[in-house]
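[1] Below are the sequence and a predicted model for it; my questions follow.
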Amino acid sequence: MPNKLTAFIQSISKNWRTLAVGAVASAMLLTAGCTYPSEVSEFSAVAAATDTASFDARELLEHAIEVTDTDEAAQSYWYTGYVKNNIGRRSTTSMYDGIVYRPGDAYLVNGRVATRQYRYFHFGDQSYISRGSSWFRGEPERVLPFDPLRGFSDWLPFMDDAVKLEDSSVLSTPTDVIQVQLDAREWVERSPSDLFDELRAELADNETLQHLLENTVVKMTLWIGKPDAPKQASYILQYSTWLVMPLPGGGYFDQETFFRFYQHDDPAIESQLSSPERIEKYVVDGNFEQVEYAD
Amino acid sequence: MLKRLGRYTALVLYCLYLYLCYHLLLIGAFADWSWYSFIVVPIVFVLFWLVPREQRKAAIVYTLMFVFLDQALYRIRWKEMHWYILNAVFIGMVIYAIGRWYAKLKLVPIALALVVAFTMNILLPDRMAQGLSHLWPMAVTKQQYVGELKEPFPFTLADIDGDNKKEIITIGNTDQPARIVRIDDRTFEVEDVQFSLFVYEWNKGLKRIPDENLDAARVKQLVPQEYVGFPYYILTDDLKLQPLVVRQELAETMTQFGTAPFRALVMNAENILMLLEQSGGVYDRAEQTGRFTDLVLAKGTLTGSYDGQPFEVDSDATEIIGAIELGDGRQGLIVKGINISLYEMVDGKMTETHVLTRAMQPNLAQSQIMITDVNHNGIEELTVAFPYSIILEPSSDGQWNILWGTRERSFRVETVMNQGTKDETILAMQKSMVRASDTNYLTGFKYSDEGLKREWKIFLPGVVRAIAGDLDGDGHDEIVMTRTDTHKLYIWKTHGIPVNEILIGLTTLLAIGLAVLRWRRWRHAK
C-alpha cells in the first residue's frame, strides 16, 4: 500500500513527495509496539549519616525566637506552607499562604483544605472568611490571639539531641539547619506545650495510645538565618516537621507540616492589611436557613 | 433525491470519521507519540491540498466547524436535557452563521455535523471516545457523590452473591439530595454527610442492587479503607463523612506557626484513636488469606494460625496484605508496617524472612502492594504498584530479586487483568515515553523477562483507579474505573478491533482517492 501511494504521489507532483512518504511511514510506526525494560537492578543505597558536629542548638533556637519576635524588620512578612498527608495512593494536602502584619495584629490566609479553597482575614478581634465569592464574619469565639512564634520554644527541651545539617539557604539567605528526631511518646511527655496536656493525661493508662505514639516517628528541621547574613540574620525562615504514624489497615502514613517565611518588612503588606473596611462592604450578614433539597 | 441522500450519508460518515480521528489519532499524537504530532500538521495540510481548489475552503471550514461543535458541546454543563439541547441549537446557529458567511456552507451539512457531535457527546460523555481505540464502553453509573471533594471514593469488585460474577461496591451520598441553604438573598448547596452503599451487578446491563437485598454489614467491610480527606475528614462506621476541622479554626491555629506540628499530632492521634476505638484497638484483621486464618494485628503483635497451628509474633505492622505462594507448597504472609515484611513458618516458628525497608524502596508509605505471579513460576511476586513500581520475588536466601522496576514516579501499576490466562495483562498508568509531562494514561502490558511489553494504550483523560474483574460471567475481565471530577464509575471491556489501524487505513484511502482525483484533473487540464 505505501508503494502504491508513493507512486500516486509521484505521478501528481514531486514537491510534497517527501512529506507524504514521511507521513505514511510515521503512521505505520505509530502502531508498532514497544517494551518498557526494567530501570532498577538494585535497591537504593542507605542514606549517608548526618553531621553531628557539636554546637549549641538550644542557644541558636532561643536567640532565633527572640530575634524573630522582637526585631523591628521581622514584624511583617509573607509566608507559605502546607500540611501534606501521604496515605496509600492518596495524598491530601492543605495549603496556607498569605501575609502577616504584627503591628496591626493582622494577617491573611489563602487556604485550601482537601481541595476546598477559602480566604481568611484576621484584624485584632475581627475576622472574615470567604466561601466562593461571598464573605462572612468569622465567629468571635474562634479568634485566637495572634502569636506566630508560639510553639517554637516547646522544642527547646529536645535541642540537646539536635543535629546540625549542612548549611543551606532559604531564598538566597544563608541558613543554619538543625534537626531533631524522636518518637512521639517522648515528644508528648517532655514537651511543655499545653496543646499536649490532654494526650499527656491520657497516655498514662491508655495502652493503645502508648503504642500509637511509640511507633510514631517525629523529625523536625529548622532553617535559621545565619547570624552574619546581611538580612534576616537569626530569623526563623523555614520549619518542617515530618510525622510517620501507624494507620489502621493503611500501613504508616507520612505527614509533613511545612512553613517558609520570606520577604520580611515588605512595605506592600501594611497597605494590604491596613483595615477591615475593604472587606466589610462585601460581608453577607444574616442567618442561614434551609430552603429546600436540590434535585 | 437519492444522490442527495447519498451525499448526506457521506457527510455523516465523514463527521464520524473526523470524530474518531480527532479523539484517537490526534489526541494520541499530542499526548504520547510526540514526534508524530510534528508531522500531523503537514499531513493535514497535504490532505487539504489534495482537495480540489474550488472545494478546498469549504472542506477546511466544515472540518474545523465539526471539531469546534464537538468541543463546544463537550463543554456545556447542563444537567437537564432541554437546556443542553437549547444550548446546542444556539451554538449550531452561531457556527452556521460563520460557515455561511465565510465559506457559503449550507444549512443541512452543518445541521448534520451538529447532530453527529450532539449524539456522540450524549452517547460517550466525559471524553469516553478517547478509550475507543482498545476498549468498548459497557456502562457508566450515575454520579455517586455531590459535594466539594474532588477525589473519587474507594471502590472494589467482589462476588457477594456467589454467582461467579463480580459486583461493584462503592459508596456515595447521592441517595440524599444536597440541602439548599439561604443566607440573605444568596443560596448555597450543602452536601449531605450521610453516605450509603452503592452496589452494582451485571444483569443484562448494569443494575444497582437495592439496599434491602444486601447484607449491609458484610458488604461495608469490603469497601477499601482509603482515608479520603484524612485527617480533615473521617468516614465513620455508619458511613458518615465527618469533617473534623472548621476552616476558621484551621486558619487561626496554623498562623501560630510554631504550634502547627503539635496540633497536627493532636489531630492525627484523635483521628486514629477514634478509628481504633471502633475496631477495639485492632489495626487490621483477616479471617482468611491462603492458609492463614484469624489474623489480627493489635498492640504490637500479629496473631493467627497457619494450617491450624496458632502463632504470635511481635510486629509493628498495621495492614495485612495477604498470603504469598513461595513455591514447593510453602506459603508466607505479607504485612505492611513502617517496612514491608514477609513472614513464614520456619521450624514451627513464625519468622520474618524478608523485609523491604524505606531505605531500600522510596516512598514506601504511599505504596500500594499487590501479590501476583507475573512470570508464572509458581512463586508469587510482591508488586509495589506505586510509586516507583517494582516487582519483587522473594528468594530462598532472604533477599528480594528485582524482576522489573521503574524510576519513573508517575508510573503506577493498577491491577492484573485476566490473571492466570493467556490474555493476562498488567494494567498500569504510564506517561508518554518521550514527553516530560507526568500526565499518565491507562496502558496494557504483558510481562516478559525483557520487560513490560506494551499491548495497548488509551488516552482517556483523568483515570484515577482501574480494577479488573469478570462482571458479566463471560470468563473475560472487564475494567472498572474512576476518573477525576466525575464521581461516576466507567465499565469497559477490551474489543481487539484495530481501530487506530483502520482509521489510518481510511485516511490513507482518503488521501489516495483525493490524489487520484487531483491527478486526473491535472492530466485533463494538460
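    Structure's in. What do you need? Numbers count the residues shown, from 1 in each chain, chains lettered A, B, ... in the order given.
[2] so B:M360 is in which element?
    Assessed by DSSP states H and E, B:M360 sits outside every helix and strand.
[3] Equivalent analysis for B:T353, please.
    Since the elements are taken from DSSP H and E, B:T353 ends up inside strand B:349-356.
[4] can you give me the mean pLDDT across that strand?
    The average of the pLDDT scores along strand B:349-356 is 94.
[5] Just checking the distance from that strand to the centre of its chain.
    For strand B:349-356, the separation from the chain centroid amounts to 34 Å (computed by CA atoms, centre = their mean, to the nearest Å).
[6] can you check stretch B:165-181 too?
    With CA atoms, centre = their mean, you get 19 Å for stretch B:165-181.
[7] That one and chain A, are they touching?
    Yes: contact of stretch B:165-181 with chain A (CB under 8 Å from any CB of the partner chain) involves B:P177, B:A178, B:R179, B:I180, B:V181. (Each C-beta comes from the backbone N, C-alpha and C, glycine too.)
[8] what about the longest helix that chain B contains, average pLDDT?
    When chain B is parsed with DSSP state H, its longest helix is helix B:499-525. Mean pLDDT, taken over the full extent of helix B:499-525, equals 90.
[9] so where is the stretch 1-150 of chain B shaky, pLDDT-wise?
    B:33-35, B:79 (pLDDT under 70).
[10] Which parts of it are helices?
    B:2-20, B:27-31, B:34-50, B:53-75, B:81-103, B:107-123 (DSSP state H, counting those that start in this stretch).
[11] is it possible to export these to a markdown table including mean neighbour count and distance to A:L144?
    Shown next, in a markdown table, are those (neighbours: other CB atoms under 10 Å in any protein chain shown; distance: least, CB to CB, whole Å):
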| stretch | mean neighbour count | distance to A:L144 |
| --- | --- | --- |
| helix B:2-20 | 14 | 57 |
| helix B:27-31 | 19 | 48 |
| helix B:34-50 | 16 | 52 |
| helix B:53-75 | 17 | 44 |
| helix B:81-103 | 15 | 47 |
| helix B:107-123 | 19 | 51 |
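[12] And the ones you listed: which comes nearest chain A?
    Among the helices of the stretch 1-150 of chain B, helix B:34-50 comes nearest to chain A, with 4.3 Å by CB to the nearest CB.
[13] Tell me which residues touch the nearest residue to B:R518 once chain neighbours are set aside, please.
    Nearest residue to B:R518, sequence neighbours excluded (CB to CB, 6 or more residues apart in numbering or on different chains): B:L50, at 5.4 Å. By CB atoms under 8 Å, 6 or more residues apart in numbering or on different chains, B:L50 lies in contact with B:A511, B:L514, B:A515, B:L517, B:R518.
[14] any idea how far the second one is from B:T507?
    Counting by CB to CB, to the nearest Å, the separation of B:L514 from B:T507 is 11 Å.
[15] Now do the shared contacts for those two.
    Shared contacts of B:L514 and B:T507 (CB under 8 Å, 6+ apart): B:L47.
[16] before we move on, the earlier item: can you go through the contacts of B:L50 and name the buried ones?
    For the contacts of B:L50, a burial check counting by 16 or more other CB atoms under 10 Å in any protein chain shown picks out B:A511, B:L514, B:A515, B:R518.
[17] which one of those residues is nearest chain A?
    For these, the residue nearest chain A by CB to the nearest CB is B:A515; the value is 4.6 Å.
[18] could you dump the helices of the stretch 1-150 of chain B to a markdown table with distance to B:G469?
    Formatted as a markdown table, these follow (distance: least, CB to CB, whole Å):
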| stretch | distance to B:G469 |
| --- | --- |
| helix B:2-20 | 28 |
| helix B:27-31 | 27 |
| helix B:34-50 | 34 |
| helix B:53-75 | 30 |
| helix B:81-103 | 33 |
| helix B:107-123 | 25 |
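[19] Endpoints of stretch A:118-133, how far apart?
    10 Å (CA to CA, to the nearest Å).
[20] starting at the chain centroid, how far to it?
    That offset, for stretch A:118-133, works out to 21 Å (CA atoms, centre = their mean).
[21] Which residue would you name as the spatial centre of chain B?
    In chain B, the residue lying closest to the centroid (CA atoms, centre = their mean) is B:V463, at 3.2 Å.
[22] Find the nearest non-adjacent residue to the residue nearest in space to the middle of chain A, please.
    By CA atoms, centre = their mean, the mean C-alpha position of chain A lies nearest to A:Y82, the distance being 2.3 Å. Using CB to CB, 6+ apart and skipping the chain neighbours, the partner closest in space to A:Y82 is A:M95 (4.5 Å).
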